[in-house]
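Peer 1: I would like the atomic coordinates for the input below:
(chains A, B and C)
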Amino acid sequence: MPELPEVETIRQDLRKKILHKKIKNLKLTQKARVNMNHLDFVKLIKNKEFEEIDRIGKIIIFVLPAKKFLLVHLKMTGQLIYERGRQIIGGGHSDNQMPSKLPDQFTRATFELVDGGKLYFNDMRRFGYLKIVDEKELNIEKAKYGIEPLQANFTLANFKKALQNRKTTIKAVLLNQKLIAGVGNIYADESCFLAEIRPSRRVDILSSTEIEKLYSAIKSVLKKAIEKRGTTFNHYRDSDGNTGNFIKYLKVYGRSGEKCKKCGNTLKKIKVAGRGTVYCPSCQK
DNA sequence: CCTTGTGTTCTCCG
DNA sequence: CCGGAGAACACAAG
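Peer 2: Sure thing, here's the model as predicted:
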């Protein structure tokens, strides 16, 4: 489940690896989810180079020449794995979900670069997609996203504005991409734990101290998660095919029924905003 | 039945 | 009766 830290890790790594490289060919399988017919899609990609690699929320943006943009959303199980020319990637860990050799049955698209390198888009569940847009459509897409937690516009004032007049739970706000971009289920729960606030609390009854704590918690959790190269719960891999290391630092997500690392009480799982939510009933108020 | 992210539809409230 | 907000539902597929 790639969220902001995972997508950002992939973006930063791919920038180092494939920036300004030219695409010789793109191979799409029948199961690839793209926003036009395959022939047209390939035509728009072929012989283009990656001018820049950006991100909005959980979407990776490959900037192509002539103001075209390739948007990639990994959704639940998507991976973007880069392989240098003629080299078989190691696969990182001995996890049976990680293929030792690509392409495999879950490879939906292969970008063949002129230097022999390959960029594979793998996606077991086929929820992820590739989409080519022009500048106008890119701006429409960008308008769907709120403040970016790691950028200059994520100020306390803007965060307060995002919560203003809302009559819903913290969890719903954190998951709402129109308000705050890139936070998903893992980092929403982790941020609430760090802020010592229950995800089910309504935002309109938070004190200003609590809002400040939550604001700092989001930044701190996401920053540390990027330092540790993201969370691999099951499918996430970086562009080398390696797992992320943040799972060791998770305090609540995926730990329902286990002991709170801070107070020792049992972590509880409930449903908030339609999503599984884990919290500590004694640490979080 | 579950999983998550997101788009759509429904419902409620002032 | 309306607009808007938020909740609920639908969908992707294994």
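Peer 1: could you use CA atoms for every contact and neighbour count after this?
Peer 2: OK.
Peer 1: which residues of the stretch 151-285 of chain A lie near DNA strand C?
Peer 2: With Cα under 7 Å from any atom of the strand as the criterion, the stretch 151-285 of chain A comes near DNA strand C at residues A:Asn165, A:Arg166, A:Lys167, A:Thr168, A:Thr169, A:Ala172, A:Ala273, A:Gly274.
Peer 1: pretty sure the fourth one contacts A:Val203?
Peer 2: Right, the one you point to is A:Thr168. Yes. In this structure, A:Thr168 is within contact of A:Val203 by Cα atoms under 8 Å, at 6.2 Å.
Peer 1: these two: which has the busier surroundings?
Peer 2: Between A:Thr168 and A:Val203, counted using other Cα atoms under 10 Å, A:Val203 has the larger neighbour count: 22 against 15.
Peer 1: which residues sit against whichever strand or helix holds A:Tyr187?
Peer 2: Element membership for A:Tyr187 (DSSP states H and E) is helix A:185-195. Helix A:185-195 is contacted from outside by A:3, A:171, A:174-175, A:198-199, A:210, A:213-214, A:216-218, A:221-222, A:250-253, A:275-280, A:283-284, using Cα atoms under 8 Å, 6 or more residues apart in numbering.
Peer 1: what about that helix, near DNA strand B?
Peer 2: Yes. Helix A:185-195 is in contact with DNA strand B by Cα under 7 Å from any atom of the strand, via A:Asn185, A:Ile186.
Peer 1: tell me the first helix or strand C-terminal of that helix.
Peer 2: Assigned by DSSP H and E, the successor of helix A:185-195 is helix A:208-227.
Peer 1: now do the buried residues in that following helix.
Peer 2: A:211-219, A:221-223, A:225-226 (16 or more other Cα atoms under 10 Å).
Peer 1: which one of the residues in chain A is closest to DNA strand B?
Peer 2: Nearest to DNA strand B in chain A, going by Cα to the nearest atom of the strand, is A:Gly184, at a distance of 3.6 Å.
Peer 1: give me the pLDDT for A:Tyr253.
Peer 2: Per-residue pLDDT puts A:Tyr253 at 92.
Peer 1: sorry, slip of the keys, the one I care about is A:Leu113.
Peer 2: Taking A:Leu113 on its own, its pLDDT is 97.
Peer 1: who in the stretch 51-200 of chain A is up against DNA strand B?
Peer 2: Residues of the stretch 51-200 of chain A lying near DNA strand B (Cα under 7 Å from any atom of the strand): A:57-59, A:73, A:75-76, A:175, A:177, A:182-186.
Peer 1: how is chain A divided into domains?
Peer 2: Using automatic domain parsing, the domain ranges for chain A come out as A:4-142, A:156-279.
Peer 1: by mean pLDDT, show me the worst of those.
Peer 2: When I compare the domains of chain A, domain A:4-142 is least confident, with a mean of 88.
Peer 1: off-centre distance for that domain?
Peer 2: 14 Å (Cα atoms, centre = their mean, to the nearest Å).
Peer 1: hmm, it in reach of DNA strand C?
Peer 2: Yes. Using Cα under 7 Å from any atom of the strand, domain A:4-142 reaches DNA strand C at A:Met124, A:Arg125, A:Arg126, A:Phe127.
Peer 1: the helices in the stretch 1-150 of chain A, which residues?
Peer 2: A:4-18, A:38-45, A:135-142 (DSSP state H, counting those that start in this stretch).
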